[in-house]
Each structure stands twice: as C-alpha cells, then as structure tokens.
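A.B. asks: Return a 3D structure for these sequence lines:
(2 chains)
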Number of protein chains: 2
Amino acid sequence: MCQREEDDRSVAYHPAMRAAIVAVGSELLGSTRAETNSLKLAALLRRYGVPVAAKSVAGDNEEEIAAQIAAVAARFPLVIVSGGLGPTADDLTREGVAAALGRGIERSRDLERQLERRFVRMGYVMPENNRRQADLVEGALPLDNPLGSAPGQRIEAGRCTLFLLPGVPSELVAMAEAQIEPWLRERAEGREIEQGCLKVACMAESVLDDRLAPFYAEYGTEAVTILASKGDLTLLVDVAGSAEERRSALDQRIERLRDLVGDSVYGCRVDDSLEAVVGEALVAARASVVTAESCTGGLVAQRLTRVPGSSAYFLGSFVAYSNALKSELLGVSPELIERTGAVSEEVAREMARGARRRLGGDYSVAVSGIAGPGGGTKTKPVGTVFLAIEGPAGLSEQRNLRLPGDRELVRWMASQFALDMIRRLLARRD
Amino acid sequence: MCQREEDDRSVAYHPAMRAAIVAVGSELLGSTRAETNSLKLAALLRRYGVPVAAKSVAGDNEEEIAAQIAAVAARFPLVIVSGGLGPTADDLTREGVAAALGRGIERSRDLERQLERRFVRMGYVMPENNRRQADLVEGALPLDNPLGSAPGQRIEAGRCTLFLLPGVPSELVAMAEAQIEPWLRERAEGREIEQGCLKVACMAESVLDDRLAPFYAEYGTEAVTILASKGDLTLLVDVAGSAEERRSALDQRIERLRDLVGDSVYGCRVDDSLEAVVGEALVAARASVVTAESCTGGLVAQRLTRVPGSSAYFLGSFVAYSNALKSELLGVSPELIERTGAVSEEVAREMARGARRRLGGDYSVAVSGIAGPGGGTKTKPVGTVFLAIEGPAGLSEQRNLRLPGDRELVRWMASQFALDMIRRLLARRD
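C.D. replies: From the prediction side, this is the model:
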C-alpha cells in the first residue's frame, strides 16, 4: 500500500504568500448552491504553501465585483477570480476588474480570431456576443482555455497578480494547473515543500488528537493538519528543507503518525476513499463481496458500486427492511427475530451468513440497526447498530455500535464502519 | 396534494433592502468544507424579499475580520456575521467587529451571570475563558442563544445593522428565526409578500424554460425564479400587493405554471423531496414497494429509506450486479441475458417482475444500465439505462434513457427517473 510517487509530493513553497479568491455569479448568492470552486483552488494553492486568507462571492453586478476586487487587490499579492467570463450580458467580471483597477477594456483581434476559428472547427458561426470574450482588461495577458470558449486573463496590478478564470469547474481546474501552478513554481526560487498524507477511518477527531500528543510534543502542533469529515479524517504533513532533509524528515513523521494512529490508517493519498481502498484490497485478494442491509437500506452497496470497475468484486446485495424478508431472503429464523428483535447481534450474524450463502460471495457484511428518528427503545436507543462480517473461514467479526447523530449520520457512519470492517479483515489476511 | 398553509406564505417584504453575509472560521478557507450557513440565511432573507448581494469568508484573524466587516458595513444596510463567537482564543469576531467600527469591547455582568447559571444548570463549573462570551461590542444588544453558550449581538452602526450569530448551524438558524425575522417584519411597515413553489422532477432546465415562454410573456421573466439541481427543479413565485390581490395573483400564477409544466410537478413545498413524496403516495395508497437494481447499486433503495418511517412501505431490494445473481435472485433467464446483454429493455422487465414476485411488494421498479466510465459500446454507450416498473396489474411502464454525465451523475439521474416512475404510476391510480 501507498507506493511513493516522487513527482507528486515535491512542490514549490511560498512561506509568505497569501491568496484571496473571488467567485462571481448570482446563482452562488441564493439558497441552493454552495461556492465550491474555491475548495479546488485552496487544495492546489496549499500544495505550494500558499494559504487562502479570504474569499468572497459577488453577484453578476459590475459595481459589486469592482468593490470586492478592489478590496482584496489592495491587501493580497495573489487574487484568483472565478466566473463571469462568458459571452452574455450578465458576464461582467472583465468590466468589474477593469473598474476596480481604474483601467480600460481592449478588444484583442488575436483572441477574436481564435474564437472565430474555435467556432468554425465546431461547425458553427460565432454568435456576435461571443466577441465579448476577446475583451481584455488593459495590460492583461490572455490565458488559453483548452476546454471552453472563455479565455482567462493574468493581470499585474502593483504588488498584486490577478488571475481571471472561468467558473465551469473542469475548465477552472485545468487552467489553474496549466497557468497558476507554473507561475507559483517559477516564483518559489527553488524553495520546495514535501507533502505526506494519511487517511483514517472511523476514529473521532478528539481520539486522534489524544493519540497524536507525542507527535505534537516532538514536532509541534503545527506539524500536522487534520481535516475532519464524517467518520473520515485526513492528516496532512508538510516538510521544507533540502531535498534530502525533506525526504528523511517526511518519512520519519509519517512513520511516527502511522505508529500512533495504528491500523485505522486506510490510505496515504488525499484522494483515497474508503470504498476504493476496500475495492483495491478485494481485487488484490481476488475476492468478492456481498452485503445484507437493513437500516442502511442499500447505502453500503451503493458506496461499494460508486467505484468504477466495482463489478470485478461486488456481486450483489439484499436489502431486507421487513422482518419477513430477513427470514425469506436471508434465512434468519423468525423465532430469533421474535426473541431478540430484528436489531440484534444474533440477527446481524444470521444476515451475514445468509447473504454469503445465498449470494455466493467470499466476504459478506451485514448491518442491522435503528437509524431513527423513531424506533428507539430504552435498551436499544436510536443509533444502535449491529454489524457482522463473514469471510471464507466463517464468522469473522461483530461490532455493536451506539452512534450519535440524526438518521442520515447514523446511516452514513454505519456504512463507514461496515466498509472498514471489510478492509480490516482483508488486511489481516496478508 | 399541496394543501395551502396560510401562515407560511405571507411574509414581510423589503423592496429595497440588500444584505451581506460574512462567515468567520479558518476551517472554511481550506479545501474540504464549503461555507453553507449563508445558504440557510439566504433562504430566510429571500422570504422577506431581501436578496444577499455579497458574501465572504474570513479566517480566525482579527485584522481580516475587521477588513471584511468594514467593507460591507459601509455598503449594505444589513450585515449578518456567522461564527467566531466561541470561548477560545481563536474566536475573534467580537474583536474584529469592534475594530471595524472603531468601538471598544465591554464585558456585560448580566451576560456573565447568565453564562454562569447555564453552566451550573449543566452541572459544570464555568471555565474561565467562557467569560469572553460576555464581551459585547460597545453599544451592542445581546441576543439570547437558546441552544448554545454563545450569545449573539445586534449592533446599529450608522445606516447599517449588524447581527452577529454563532456558526453552529442549528444555533444560527434558531437565532435567525427568533431575532432577524421579527426585526425584518417590524421594518416592513405592512408591506408583505406571498410565496408559492412548485417542484419538478426529471426535466431539463432548458426544456422547462421553453415551456414557460407563455408565462414569461404574460408576467415577465422576473416573475418566477428557477433553482436547478440534478434532475430536480424548484420554481419560486413571489407576489406583492394587498392581501386579497396577492392571494388571487398567486393562485393564478401557480395554476398557470402547473398547466405549462404538466405532470412533471411532484410537489409544492420547498422542502419536498421526490423520495418523500413517493413515500407519501405509497402510504396514501396503502401500497408497498421493492427495487431491483444493477447499475444504481442500491441507490434507489437507499433514497427510499432516507425518509423517516419508510419501513411502512419499503420492504426490500435486490442489488444484482453479476449476471448470475440476476438469474438466481430475479429469475432473469440466462438465455435472455445471452441474447440481449444484461443491459436491455427485456432484462429490466424481467428484473422488475422477479423482484415483485420474490420480494412480494405491490410495486416494483428495476434499473439496469451502463454507468461508466467503462462498459459502453457503440449501440449502448455509457449513460444507457433501462427502467421498468411493475404494479398490481402487471407490467406498467418502461423507459429507455440515454443519460449524460459521469458515473455519479448517471447513477443519480437513473435513481431520479426510477423514483419518478413510481410517483407517476401512483398518481394515475387516483
């Protein structure tokens, strides 16, 4: 697991630079759409040691765009603006930036011709309003957009460099990688940073924090950043210094973290997901998996099959919500359900056994619980979840959980623990 | 469907007010967490006719908080600040706002005593740093927080009113409803707005836009707002005027929209979800449902069971990813799979039939398709999805889809169409 990919970890480092991000688009000021382009930009900037210090959203309004740009261009050396570069009348980023910097707008004949050629290639006549995309803020360098019609712009304005990028996420990311990354590398003057990552499943942030006390004592609390999501923690470690120093310092720190966190570490790439890691382990073991689900209602199966290529190891699943189906499909004895209730250790065990036998997988995981809001009792309150996993050698493990949170969180955490049990069982096989 | 709830629709109306929102918290400047408190605030403000004109995020840094607050307090009559009101050293909203307004900080003895009493009630001694939560920006009115220890503050600063609210979403929403809503109502001077909503499933935004042309011609394009999400559109209609005028104007407009959109309308409350509406229809019909899923891998079952109380109508599901299981579990004949491939109209039909017979539901919906990225062919490219639904009277409907997008979007849209087929079939039953 976790082969090092040299080129991915060593990047230029900017100990002093800070960035601001301005997103343009009225749709981002409503009640339905969160602004997320800045998350992708923050991830890219972070690799180069550049923190995002401020971000804001302006509607499609020239005056507001200008006010926000003027405010951040005066305070930060790097400003990235996303969106508002389209051809329609409400795409006003060019005008807003020009107003903020007290500059004019110039239409570039070169860009105009490029846009015309792009439309010809696609077999269209260019609509007249697309010519607006050839407008440059006075003094701006146009930036090629390989995926769309909106060119970007780079503008030097006193001590601030502004990048204007399109708002379509795929275009934004491609242009940030092609245009901002080289710019950052160039200005780093040889300073570099090495990055390491560990992904941790099913551990509370406070528990992780306690475990890391010796690491904090040795390297300082700033030496590791913890990003927390539901039942999923990401540890990031940055190391500066000469190439050799970085390498050995990073290895040392990652090793130390691994020792402290233990077998809850499931991956070492920022993009690793628990379901994909389980999939890789199943492929490596040439094994297949099935699920039997009650309170998760198919969530475990759905997460396993989110992974491209999952048909290589995922065979199928029973979602048995009613007691009758638990008996008919999974062979759980009605007497057992009568005696222990449908949510019990014994029923989870029978469900795992029944699914493995009837669906024919090497591994089988079963979930039965009370997700709420109703259905809780004094002895089995909402959040009570029983998990069982059976492998080629018979019943392998059980877990009885008492999960906090609402219906959605209980179901999610149950699926997270279920996937993690498969991962752990496969790891012990090695 | 859609009984009118009088009190919910008529709210005070501010034709000229605009708001800015500032969220405070370094965790919102990273690569993992989008800022979403502003979406909840935007929804509340929208009900009172107040648009959000700008929003921004500041880290836990006094200078940056002050810069952002100063910028918006000078431009907008209403500024809402969320977060940074906790007891720890990095909770700096109070200090930042004071600096922005050129005011001091005063510790309130009253608030201090309230905080002490709160801790005594919970059986704790108040930690010393919690006293910081009794600090008020000079001239501020403290706002009660019934759900947490961080009091809010309301500050009048020239032509701007600032509300400081805690960042915990549940506390923020409760306080916005208890403190900002009455403030908005009071200042509306009797002007009111009436709101209507329609929810639309599985229709492209451009198709809806075309259908609404007569409505636009009659009432103007501003008379309806369309919020688009994956396979799910929300239409919002606002009407001002006297009580009687509003009532009849709104009825007229909603009726007109219903006529134009047709039977793709599935709900009339902003909070309606397709899975909950399907659940309500199943309860009303005293009917049960089961699913047979291939490419969605349990997503349809998972969505049906997200709804509290779904055990009243959802019995269970087969996720049959492998061809062998399609035959064994669902009785799809191996010869048929051999002849048409596992992704075909005929196989979807057999899956629906098999699931209904073997799981015993009144209604059964089946999904088989190619979610990608691999597995596509010339005649069945990625995005090809076959749906079949069977009801008490036998096979009821089939749909053959060619969905755009990546694996995740194809699976989501397939589940959306599957749920909508159940809804439509139940509606025809009436």
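A.B. asks: which stretches of chain A have low pLDDT?
C.D. replies: Applying pLDDT under 70 to chain A picks out residues A:1-15, A:189-191, A:430.
A.B. asks: Provide the secondary structure category for the residue nearest the centre of chain A.
C.D. replies: When CA atoms, centre = their mean is applied to chain A, the residue found nearest the centroid is A:D271 (6.5 Å). Following DSSP: H, G, I helix; E, B strand; the rest coil, A:D271 is assigned to coil.
A.B. asks: Look up phi and psi at it.
C.D. replies: Here is the backbone geometry of A:D271 (degrees, to the nearest 10): phi -80, psi -10.
A.B. asks: quick one: strands adjacent to the helix or strand containing A:Y266?
C.D. replies: Element membership of A:Y266 [criterion: DSSP states H and E] is strand A:265-267. Applying DSSP bridges, strand A:265-267 is found paired with strand A:192-201 (antiparallel).
A.B. asks: Would you mark the buried spots in the strand it pairs with?
C.D. replies: A:192-201 (16 or more other CB atoms under 10 Å in any protein chain shown). Heads up, the C-betas are built off the backbone N, CA and C, glycines and all.
A.B. asks: before we move on, what about stretch A:353-372?
C.D. replies: Within stretch A:353-372, the residues scored as buried using 16+ other CB under 10 Å are A:353-356, A:358-372.
A.B. asks: Equivalent analysis for stretch A:156-163, please.
C.D. replies: A:157, A:160-163.
A.B. asks: Over to stretch A:51-61?
C.D. replies: A:52-61.
A.B. asks: can you check stretch A:32-48 too?
C.D. replies: For stretch A:32-48, by 16+ other CB under 10 Å, it's A:33, A:35, A:37-39, A:41-48.
A.B. asks: Which members of the buried residues of stretch A:156-163 are positioned in helices?
C.D. replies: With DSSP state H as the criterion, helices contain none of the buried residues of stretch A:156-163.
A.B. asks: circling back to that earlier point, any idea which helix or strand comes after the strand holding A:Y266?
C.D. replies: Following strand A:265-267 in sequence order, the next helix or strand is helix A:274-284 (DSSP H and E).
A.B. asks: Name every sheet partner of the helix or strand following that following helix and say whether each one runs parallel or antiparallel.
C.D. replies: Of the helices and strands lying after helix A:274-284 in sequence (DSSP H and E), the nearest is strand A:289-293. Under the criterion DSSP bridges, strand A:289-293 sits next to strand A:314-320 (parallel), strand A:363-369 (parallel) in its sheet.
A.B. asks: would A:S149 count as being in a strand?
C.D. replies: No - secondary structure of A:S149 (three-state DSSP): coil, not part of a strand.
A.B. asks: pretty sure A:L336 is touching A:E350, no?
C.D. replies: Yes - if you go by CB atoms under 8 Å, A:L336 and A:E350 touch, sitting 6.5 Å apart.
A.B. asks: Which of the two has more residues huddled nearby?
C.D. replies: A:E350 (24 against 17; other CB atoms under 10 Å in any protein chain shown).
A.B. asks: Assign the residue in the stretch 51-200 of chain A that chain B sits nearest to to helix, strand or coil.
C.D. replies: When scored by CB to the nearest CB, the stretch 51-200 of chain A has A:S56 as its residue closest to chain B, at 3.6 Å. For A:S56, the assignment made with three-state DSSP gives strand.
A.B. asks: now, which of the buried residues of stretch A:32-48 lie close to chain B?
C.D. replies: Near chain B, judged by CB under 8 Å from any CB of the partner chain, the entries from these are A:33, A:35, A:39, A:42-43, A:46.
A.B. asks: Those residues in strands, which ones?
C.D. replies: Among these, no member falls in strands (DSSP state E).
A.B. asks: So in terms of bridging, what pairs with the residue of the stretch 101-250 of chain A found nearest chain B?
C.D. replies: For the stretch 101-250 of chain A and chain B, the shortest gap (CB to the nearest CB) falls at A:L227, measuring 4.7 Å. The partner list for A:L227 in beta bridges (DSSP bridges) reads A:T234.
A.B. asks: was I right about A:A157 contacting A:L101?
C.D. replies: Yes - shown here, A:A157 and A:L101 form a contact pair, counting by CB under 8 Å, at 5.1 Å.
A.B. asks: any shared contact partners between the two?
C.D. replies: A:A73 (CB atoms under 8 Å, 6 or more residues apart in numbering or on different chains).
A.B. asks: any idea how chain A splits into domains?
C.D. replies: A:11-187, A:192-267, A:274-429 (automatic domain parsing).
A.B. asks: Ok, which of the ones you listed comes nearest B:V239?
C.D. replies: domain A:11-187 (18.8 Å; CB to CB).
A.B. asks: Tell me the residues of the stretch 201-350 of chain A that contact chain B?
C.D. replies: Residues of the stretch 201-350 of chain A lying close to chain B (CB under 8 Å from any CB) are A:227, A:229, A:234, A:291, A:293, A:295-302, A:304-306, A:308-311, A:314-322, A:324-325, A:329.
A.B. asks: what do you get if the cut-off is 6 Å, keeping everything else the same?
C.D. replies: Taking CB under 6 Å from any CB of the partner chain as the criterion, the stretch 201-350 of chain A approaches chain B at residues A:227, A:297-299, A:301-302, A:305, A:308, A:311, A:314-317, A:319-322, A:325.
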